[in-house]
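K.L.:
how would this look folded up:
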Amino acid sequence: MSRKILIKKIKLKKKYINIFFKKEINKLFLFNDKFKIKVKLQYIYININKFCFYTGSLKINYRNFYLSRQKFIKMFYECLFSGIIIYK
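P.N.:
The predicted model follows:
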């Protein structure tokens, strides 16, 4: 349930960012300025997807879990994941 809510929050954030930048693009007349804003918009979408749902810190290699390193390790020590082996 909480996962659905978090996905909904991200979609709303993208929606409002998109609306804001579209208004900014419509105000401008020069092509160069419009292009700069479009580049910023694309960069923001990339950055939104880099963060952990729970902690807000950066995700590392755990794309299947959508978690940051700290949250992943904490859940591992609580035995919430099965079949994970630590190599030393």
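K.L.:
what's the neighbour count on residue 32?
P.N.:
7 (other Cβ atoms under 10 Å). Backbone N, C-alpha and C define where each C-beta goes, glycine included.
K.L.:
I meant residue 40, not that one.
P.N.:
By other Cβ under 10 Å, the residues close to residue 40 number 12.
K.L.:
next: residue 75.
P.N.:
15.
K.L.:
I figured it was touching residue 82, is that so?
P.N.:
No. Assessed by Cβ atoms under 8 Å, residue 75 is found out of contact with residue 82, at 11.4 Å.
K.L.:
please identify the helix or strand for the closest residue to residue 18 other than its chain neighbours.
P.N.:
Take residue 18 and drop its neighbours on the chain: the residue closest to it by Cβ to Cβ, 6 or more residues apart in numbering is residue 41, 7.1 Å away. Secondary structure from DSSP states H and E places residue 41 in helix 31-48.
K.L.:
that helix - what's its average pLDDT?
P.N.:
For helix 31-48, the mean per-residue pLDDT is 70.
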